[in-house]
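Visitor: sequence and computational prediction follow.
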Amino acid sequence: MSRDTTEPLHSLDADLTHRLRVQVRPFKIPPVEDALVLGRKAAIGCYAIRRALHLLMAVPFVHIELDDEIVSDLIVRDTVLRRFPRDRLVAFVLEKIKPLMQAEEILHLAIETEVTLTSRTDARHRDVPPDRP
């Protein structure tokens, strides 16, 4: 009769515990709120992202191609460009967002626009009677 003389292995991590922390949130539709900034070496290209957005969302997006060493494309919700000039948005992205990213990244932008409208009344318009039933 043979007797087992092996001892159990003692691991250095005998006090090892495993934890799992999970935050559960609903999948957000739309997955893109206002804009995406695509790096020149991003893993997924502009065409694929535009196609996915078209399939997932009814809201139109505008594609702006940039000639830059870091940023290749800007994909912006159409409504943002109705409230904010395109050239100023591109300048903002290149000045403020570009320094925060690498060419391999895709950054999601949540943009808040505010438009203040004012109206002037001058003598030419005083002769117009107000609408009354």
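Guide: Here it is on my side, so go on.

Visitor: tell me the SS of the residue at minimal distance from the centre of the chain?
Guide: The centre of the chain sits closest to His108, judged by CA atoms, centre = their mean, with a distance of 1.8 Å. Secondary structure state of His108, per DSSP: H, G, I helix; E, B strand; the rest coil, is strand.

Visitor: which parts of this structure are strands?
Guide: With strands called from DSSP state E, the chain shows them at 35-39, 61-65, 71-77, 106-109.

Visitor: pairing partners for the longest one, with directions?
Guide: Partners of strand 71-77 in the sheet, by DSSP bridges, are strand 35-39 (antiparallel), strand 61-65 (antiparallel).

Visitor: alpha carbons of that strand, as PDB, please.
Guide: Extracted in PDB, the C-alpha atoms of strand 71-77 (Å, rounded to 0.1, in the frame of the first residue of the first chain):
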ATOM      1  CA  VAL A  71      -7.900  64.700 -36.300                       C
ATOM      2  CA  SER A  72      -9.300  63.200 -39.500                       C
ATOM      3  CA  ASP A  73     -13.000  63.700 -39.200                       C
ATOM      4  CA  LEU A  74     -15.700  65.400 -37.200                       C
ATOM      5  CA  ILE A  75     -19.200  63.900 -37.300                       C
ATOM      6  CA  VAL A  76     -21.700  66.400 -35.900                       C
ATOM      7  CA  ARG A  77     -25.400  66.400 -35.400                       C
END
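
Visitor: for the record, mean pLDDT for that strand?
Guide: On average, the pLDDT along strand 71-77 is 96.

Visitor: which ones are touching Ala110?
Guide: By CB atoms under 8 Å, 6 or more residues apart in numbering, Ala110 lies in contact with Glu33, Asp34. Bear in mind the C-beta positions are built from the backbone N, C-alpha and C, glycine included.
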